[in-house]
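Asker: Sequence and computational prediction follow.
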Amino acid sequence: MQGKWKTGVIGAGLVLLTVTVIVLGGCGGSGVSGTVTLSGSTTVQPIAQEAADLFMKDNPSANVTVQGGGSSVGITQVSEGTVNIGDSSRGLKDEEKNLGLVDHKIAFDVIVLIVNPGVSVDNLTGDQVKGIFTGSITNWSQTGGTDGTITVVTRDSASGTREMFDEKALGSTKDQPVSLVTGAIEANSNGVMRQKIASTRGSIGYISYGYLDKSVKPLQFNGVTGNLQTGLDKTYPLARYLHMFTKGEPTGTTEAYIDFVLSPEFQNDTVTKEYIPMTKVNQQ
Amino acid sequence: MDKSSSISREWIVKKILFVLAMMAVLGIVLIIVLVTKESIPALTKVGPFNLFSTTWNPKTGDYGIVVFIVGTLLTTLGGLLIAVPLALGTALFLTQMAPQRMGTLVTRGVEILAGIPSIVIGWIGFTLLVPLLAALTRSAGTGILAASIILGIMSMPTITSIARDALETVPSSYKQASIGLGATRWQTIWHVILPAARPGLLVAVILGMGRAIGETVAVALVIGPATTFPKSLTTPTHTLTTKILMEMGESSGLQRSVLFAMAFALLLLSMGMILTVRLATRKKEFAR
Amino acid sequence: MNGTRVEALSAGYAGGRPAPRHETKSKMQDSVATIVVWSLAMLGLSALGVIIVAILWRGLATALNPAFIFGEPQAMKAGGGIWPMIVSSFYLAALTIVISLPIGVGAAIYMAEFAKEGKITKLVRFGADSLSTVPSIVYGIFGMMLFVVYFGFGYSLIAGALTLTILNLPTVMRTSEEALKAVPDSYREASMGLGANRWYTVKKVILPCAVPGITTGAILTIGRIIGESAAIIYTVGIFVKKIPLSPLAPGAPMSANIWHMYTEGALVPDWLRVASGEAAFLLLVVLALNLLARLVSWLYRRKTRTSDRFA
């Protein structure tokens, strides 16, 4: 008898919880007119946020919220309908290709090799870079610099930037992936990368062009300076796209927001400060 | 009539309160179930041999987590080496020697230290401790030593307050008898009070260890990080918590599942500690 | 049994008083030990001093600047403030307390007043003990999967509040139970003796007496929530520009935002200034809450003392 009551009370509690969840969940769902939600890559977040601010200034009734969380979180959430747009610093992986996501490339990002300002080298060849990051070159004197141990800083193993760098700079492929030198320091963002390079003697790493500042020294790669111009004309190979994914073709406010992000106005005024705007990529 | 209705109302209230009390059980069950469920792909598709290897390279399908386990164990051990003397000293000071005002000051200090957010302590580590160690040791400054100092400071309040309780439960008759027999204060502490409080002190150390194992953000700011065994006390390495924190956002598929398997390992560690504490306190009951 | 140790000790001294030289040696040992214990205690205290001074040294000037406190955060340029982060921190704390206090106090009432010690109480205590040792990053990714993804709340204050409710449940339960148990049994006996049933007694007699203890516990819990970071980075969010209004809106509590400034926030030229200022402000908030908790318990103690005098 008592046992029955107990189950009853627990059951009622669960029902109550479920109802609360549904009610609460209902008002946060996607597709509400005037609201756009984004989550995903922390690399894309600042630019998406800047776009949101400007977009809302033009459309005061619209409400755009931007969240981070990481590329995979963004892709998961947009495919499940939790958010309208998933930001990503990488393309879709094989297992993500059948989720029905539409890719909107919003910027072209140049990745620049950087070293600690104390390093005397100005240029590295592709082979030297590969040697350094895989551990066969361990001293700057082996690359024509003054004597000093090389400390490699890379991005964490989940990073889209790392994936691009391993492929394009180190020649890593799916069948023959490279293994990095043991002891490489891992930075989980552009900011941490810059700070580690600035504070670690003899260090080398790579960073999005927009994050370059005086605290680190950029290197040429195969004799080419990495900047927006060389990235654009493809003489500098280390570059990748930043993405926004939607579930199916975007509609309503979401479409308006993405159109705004891709508009010449936003691309040429804001995106161009840190990345190569899509307007220029498309002209090529 | 009136009485029976009030009885049944009390009965309903009791059931509701029972459900609320069971929320703690529900919470831990939910956590265990969800973390286990998310780590199943790692346990089945990656397999224990791969997981318990020393190579971490998701591109080649190597998901060895031994580096992180070693990192967690070393930083925890280092943290305890710093925290236990500090905490035991402070607890002895508070219970055996402190003049009243000084005692109150130290007690408040320990309470405040316990409440300082880990990101704040980590920020000190990042802006002050790491540059200092880097200059002193001519290295990156990050690694086991920096993490141990940070963890030592953070687990010290936990250990102090539990150790203090343990020392206070030693009957004062022990102390009086010992002093009365001509023993000095230190002899009394060393031969009488500390042995009598041993089970409680053990619990204090274990719970301090729990704090050190689980700490995340503060360690992440000073650990390096690098997925490699530390070559020295000031070379970067990684721990279970810092790897989860740094890669959860961007990882997907199997790699994410492995991160949950690492969380599962942390759960096992903390459950193991709870059981040890239970065992230790049970023994104490027997001894009384 | 209590006597065994003392007897053993007295047996050691049974040969009469120790020789004088032995005595000076043990006296010296005693003073050395005293110095060591004192220094250890002072070292712990000075660690706290260093932390507070260093954080305030770097960030106090920024933290006390109204333009910083009430300013809008910046994603790509210098000069940002932290107002939405301050609001997020307190909003998250309020939401968590609103959810966790009824559960925690209810559970404590059950444990302290209704339950007989036995299997159920053991199970609940084991559950609470286990919860209190789960690392906060595990709470973080648990909350991310359950509330952010499965329930579809997205990064939101409510997802963080539900996560933190479970995280703080053991503490809220324990402080509340202690507050309830501190109420003298004579109160219960008197009330029940007058014919009141247990729930009436709890509601009208025990709970009012336990309010100061529960309040103090709640304030300390608020401090812990505001200082928590690992559990909220993946549930609430790390950066917002606007004040979150709905519980379903994403937030960026100060502690999580400092992590953001350390990682991606570096696109802002003055990220070091912002993060240091935010750390100093966060520290001041936590110290103030600590003080408030102390004040509340002191006030109530004074009040009850005066009422005792008139009783």
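Answerer: Arrived safely.
Asker: In chain A, which residue is most central in space?
Answerer: residue A:89 (3.0 Å; Cα atoms, centre = their mean).
Asker: Could you verify my assumption that that one touches residue A:242?
Answerer: Yes. Judged on Cβ atoms under 8 Å, residue A:89 makes contact with residue A:242 at a distance of 5.8 Å. Any C-beta I mention is one placed from the backbone N, CA and C, and that applies to glycine too.
Asker: what do the two both touch?
Answerer: A:41, A:43-44, A:109 (Cβ atoms under 8 Å, 6 or more residues apart in numbering or on different chains).
Asker: Dump the residues you listed to CSV, plus neighbour count.
Answerer: Listed next are those as CSV, based on neighbours: other Cβ atoms under 10 Å in any protein chain shown:
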residue, neighbour count
A:41, 31
A:43, 30
A:44, 27
A:109, 25
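Asker: out of these, who's near chain B?
Answerer: With Cβ under 8 Å from any Cβ of the partner chain as the criterion, the shared contacts of residue A:89 and residue A:242 include residue A:41 near chain B.
Asker: where does chain A dip in pLDDT?
Answerer: Residue ranges of chain A with pLDDT under 70: A:1-33, A:284.
Asker: which residues touch residue C:162?
Answerer: Residue C:162 neighbours (Cβ under 8 Å, 6+ apart): C:99, C:143, C:147.
Asker: scratch that, residue C:44
Answerer: Taking Cβ under 8 Å, 6+ apart as the test, what residue C:44 contacts is B:86-87, B:89-90, B:106, B:109-110, B:113, B:156, B:160.
Asker: Distance check, it against residue B:211.
Answerer: 15 Å (Cβ to Cβ, to the nearest Å).
Asker: who's in contact with stretch B:84-92?
Answerer: B:106, B:110, B:152, B:155-160, B:163-164, B:166-167, B:189, B:201, B:204-205, B:208, C:36-37, C:39-41, C:43-44, C:47.
Asker: Can you give the distance of that stretch from its chain's centre?
Answerer: Taking Cα atoms, centre = their mean, to the nearest Å, the mean C-alpha location of stretch B:84-92 is offset from the chain mean by 16 Å.
Asker: Out of the shared contacts of residue A:89 and residue A:242, give me the two with the largest separation.
Answerer: The span of these, defined through Cβ to Cβ, is set by A:41 and A:109 at 10.8 Å.
Asker: list residues touching both of these two?
Answerer: A:89, A:242.
Asker: burial measure for residue 192, as a count.
Answerer: I'll assume chain A. 24 (other Cβ atoms under 10 Å in any protein chain shown).
Asker: oops, I was thinking of chain C
Answerer: 14.
Asker: Excluding sequence neighbours, find me the nearest residue to the residue in chain C that chain A sits nearest to.
Answerer: Minimum separation of chain C from chain A (Cβ to the nearest Cβ) falls at residue C:266, amounting to 2.6 Å. Of all residues beyond its chain neighbours, the one nearest residue C:266 is residue A:191 (2.6 Å), with distances taken as Cβ to Cβ, 6 or more residues apart in numbering or on different chains.
Asker: immediately after the strand or helix carrying that neighbour, which helix or strand?
Answerer: Counting by DSSP states H and E, the element that carries residue A:191 is helix A:190-199. Downstream of helix A:190-199, the first helix or strand assigned by DSSP H and E is strand A:203-208.
Asker: how close does the residue in the stretch 151-300 of chain C positioned nearest to chain B get to residue B:246?
Answerer: Per Cβ to the nearest Cβ, residue C:227 is where the stretch 151-300 of chain C lies closest to chain B, at 3.0 Å. Distance from residue C:227 to residue B:246, counting by Cβ to Cβ: 21 Å.
Asker: got it, and residue C:297?
Answerer: In terms of Cβ to Cβ, residue C:297 sits 40 Å off from residue B:246.
Asker: What about the closest residue to residue B:249 other than its chain neighbours? Give its phi and psi, please.
Answerer: Nearest residue to residue B:249, sequence neighbours excluded (Cβ to Cβ, 6+ apart): residue A:70, at 2.3 Å. Per-residue torsions, residue A:70: phi 110, psi 150 (degrees, to the nearest 10).
Asker: so what's residue A:70 up against?
Answerer: A:40-42, A:158, B:248-251.
Asker: Redo those residues as a markdown table? Include distance to residue C:160 and secondary structure.
Answerer: Output for the contacts of residue A:70, formatted as a markdown table (distance: Cβ to Cβ, whole Å; DSSP: H, G, I helix; E, B strand; the rest coil):
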| residue | distance to residue C:160 | secondary structure |
| --- | --- | --- |
| A:40 | 18 | strand |
| A:41 | 21 | coil |
| A:42 | 18 | coil |
| A:158 | 23 | coil |
| B:248 | 15 | coil |
| B:249 | 16 | coil |
| B:250 | 20 | coil |
| B:251 | 21 | coil |
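Asker: Just name the closest of those residues to chain C, please.
Answerer: Taking those together and measuring to chain C by Cβ to the nearest Cβ, the closest member is residue A:42, at 4.2 Å.
Asker: Distance-wise, check that closest one relative to residue C:261.
Answerer: 12 Å.
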